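Participant: my questions concern the predicted model and sequence given below.
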Amino acid sequence: MVDIHSREIRSKNMRAIKSCGNKSTERKAVILLRQNKISGWKRQYKQLKGTPDFVFVKQRMAIFVDGCFWHGCPKCYKAPRTNRKFWAEKIEKNVNRDRKTDKIIRNLGWKSLHFWEHDFKYNSERVVKKIKAEIKIY
């Protein structure tokens, strides 16, 4: 299927996507944490490399909520049909940056958890169980 937008409009639309406060990822995570009475977290913790979406400072736990498209989800990612080389390089850079960030965080004595965007849609119970287990809430 051919894109219905010009390159300029598509580029403008893609630039407008926010890196934080995204409805399909972070906002769903906030709702899930609140519904399950999981407290003690902070958002967008800039003091830690990679700016995790959520942190539990006391437990030294960083949580990243990764968008399926932007982080190359093995289940959901579908490469755009146009400008394939650009997108392959872009997604690869994001994945490599995530790996480096995890390594830095581990070296600082923190743990990190990553959840895919689709986890909040289809596996929210598993997400809650995993978070509770890692921060020792039962």
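Facilitator: It's in.
Participant: now do the helix or strand hosting Thr101: everything it contacts.
Facilitator: Per DSSP states H and E: Thr101 is located in helix 84-107. For helix 84-107, contacts defined as Cβ atoms under 8 Å, 6 or more residues apart in numbering pick out 48-50, 52, 62, 64, 66, 70-72, 77, 79-80, 111-112, 114. C-beta coordinates here come from the backbone N, C-alpha and C atoms, glycine included.
Participant: what is the rounded mean pLDDT of that helix?
Facilitator: Mean pLDDT, helix 84-107: 95.
Participant: buried set for that helix?
Facilitator: By 16 or more other Cβ atoms under 10 Å, the buried positions in helix 84-107 come out as 87, 91, 94, 98, 101-102, 105.
Participant: who does the very next helix or strand once past that helix touch, helix- and strand-wise?
Facilitator: Using DSSP H and E, the next helix or strand after helix 84-107 towards the C-terminus is strand 111-116. Counting contacts by 3 or more Cβ pairs under 8 Å, 6 or more residues apart in numbering; DSSP states H and E, strand 111-116 packs against strand 61-66, helix 84-107, helix 124-134.
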